[in-house]
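> Return a 3D structure for these sequence lines:
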Amino acid sequence: MFGGSKIKMDKDLLEKVKKYSSIAGYASPEEFVHHVLEREIAKFEETGDSEEEIKKRMQGLGYIS
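Below is the predicted model:
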């Protein structure tokens with residue numbers, strides 16, 4: 001699903017992903033992560049913001065430093 005790429009994440013977050021992907025009925029944690037990322041990316045695409053505006057927003061949310 002990820003084309004052979006690997007993404008590292010905190011152990012606690014991974015456990016939450018596993019838990020909620022199962023509760024939500026996803027076939028796998030990978031499918032859940034894929035769906036969540038697609039939704040978040042779509043939000044950025046819908047706004048039409050510039051790359052700089054997106055960076056500022058993500059910094060404000062604490063996703064990047």
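
> switch to C-alpha atoms for all contacts and neighbour counts from now on
OK.

> Phi, psi for the closest residue to Lys18 other than its chain neighbours please.
Nearest residue to Lys18 in three dimensions, chain neighbours excluded: Pro29, at 5.3 Å (Cα to Cα, 6 or more residues apart in numbering). Taking degrees, to the nearest 10, you get phi -60, psi -30 for the backbone angles of Pro29.

> residues touching Pro29, list them.
The contact partners of Pro29, by Cα atoms under 8 Å, 6 or more residues apart in numbering, come to 17-18, 21-22.

> Just the buried ones from these, in ChimeraX syntax?
Buried residues among the contacts of Pro29 (16 or more other Cα atoms under 10 Å), as a ChimeraX selection:
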select :17,18,21
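
> Using TSV, please lay out the contacts of Pro29 together with pLDDT and distance to Ile7.
Conversion of those to TSV gives the following (pLDDT from 0 to 100; distance: Cα to Cα, whole Å):
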residue	pLDDT	distance to Ile7
Val17	96	13
Lys18	96	15
Ser21	97	17
Ser22	96	20
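
> Only C-alpha atoms, please: export the helix or strand of the chain with the lowest mean pLDDT in CSV.
Of all helical and strand segments in the chain, the minimum by mean pLDDT, DSSP states H and E falls on helix 51-60, at a mean of 81. This file holds the C-alpha atoms of helix 51-60, laid out as CSV (Å, rounded to 0.1, in the frame of the first residue of the first chain):
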residue,chain,number,x,y,z
GLU,A,51,3.2,26.3,0.3
GLU,A,52,4.3,29.1,2.7
GLU,A,53,0.8,29.4,4.2
ILE,A,54,0.5,25.7,4.7
LYS,A,55,3.9,25.6,6.5
LYS,A,56,2.8,28.4,8.8
ARG,A,57,-0.4,26.6,9.6
MET,A,58,1.4,23.4,10.3
GLN,A,59,3.9,25.1,12.5
GLY,A,60,1.1,26.8,14.4
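
> quick one: contacts of it?
44, 64-65.

> low-scoring stretches of this structure, by residue?
Low-confidence segments of the chain (pLDDT under 70): 1-3.
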